[in-house]
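Asker: below are the sequence and a predicted model for it; my questions follow.
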Amino acid sequence: MSRIKGGANHRTRSAEERILHVNLNPQSIAMVVAGVLLCFAGWHLFRFSRYIIGFVVGASVGYALAVTALKTFQKPFPPSWEPWVVLASTLLFALFGVLLIKLVIKALLFVAGFVFGNLLVAIYSGSVKATTDAFNIQLLIDSLSIWSLGAGLFCGTLFIFFEKGFVILYSCAVGAYLVMAQLAAPPLLFYIMLIAGSIVQLWMSRGSGVKNMQVAPVDRS
């Protein structure tokens, strides 16, 4: 009996030490907060951050091109113009980046869906082992067939059309996994957060949706 009590006390102390470690570890706290934000606000963070990414990448490209051009060509502008040329190029490419980021994301979604469809067919046919070869692109290329191409095109189109649903499910899964891993919680927490996060995100974005599960909001004026 004393051994049983001792084992129970040891397990209780281990759980308390784990929770205490999480509470006192800034990195763990940051990961848990990031996981919760991803799980319950991933779609809104994605919509906001993609424009920032497009702006930053475009501005960086514009600045680099302007500086390189000014160094390469023999004084195409008066020296007093050079800062304004760099600024104009930076802002122009930043605008292009904001406008083009949607196309870039859709292209990436199509590629991800195409690879996903090929992977499903390869695993189903047995030509690729899910546990060892799932990320071996060369094996996926070698196993291409009419069926895998069809599945790739279908999944790629599906990923583009249901962009919102894909981003919501993906962000919920990543966020729930981060929280579960940091808290050393049972898998049940992952599934609860996945379902709850999906419901919350779909409810928060319910005012939009036909293509990509979103439509323009109704004009009430």
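Answerer: Yep, that arrived.
Asker: which SSE is Ala181 in?
Answerer: For Ala181, the host element (DSSP states H and E) is helix 163-183.
Asker: packing partners for that helix?
Answerer: Contact partners of helix 163-183 among helices and strands, from 3 or more CB pairs under 8 Å, 6 or more residues apart in numbering; DSSP states H and E: helix 2-24, helix 26-72, helix 82-125, helix 187-204. Where C-beta positions appear, they are placed from N, C-alpha and C, glycine not excepted.
Asker: go again using 10 Å as the cut-off
Answerer: Helix 163-183 is packed against helix 2-24, helix 26-72, helix 82-125, helix 146-161, helix 187-204, with contacts defined by 3 or more CB pairs under 10 Å, 6 or more residues apart in numbering; DSSP states H and E.
Asker: I'd like the mean pLDDT over the second one, please.
Answerer: What it means is helix 26-72. What helix 26-72 shows for mean pLDDT is 87.
Asker: next, count neighbours for Thr160.
Answerer: Not quite, residue 160 is Ile, not Thr. 19 (other CB atoms under 10 Å).
Asker: one more: Trp203?
Answerer: 8.
Asker: I'd like the distance from it to Gly197, if you could.
Answerer: 11 Å (CB to CB, to the nearest Å).
Asker: likewise for Ala30?
Answerer: In terms of CB to CB, Ala30 sits 19 Å off from Gly197.
Asker: tell me which of the two has more neighbours.
Answerer: With neighbours defined as other CB under 10 Å, Ala30 and Gly197 compare such that Gly197 has more, 25 against 11.
Asker: pretty sure the more buried one contacts Gly175?
Answerer: Yes - counting by CB atoms under 10 Å, Gly197 touches Gly175, with 6.4 Å between them.
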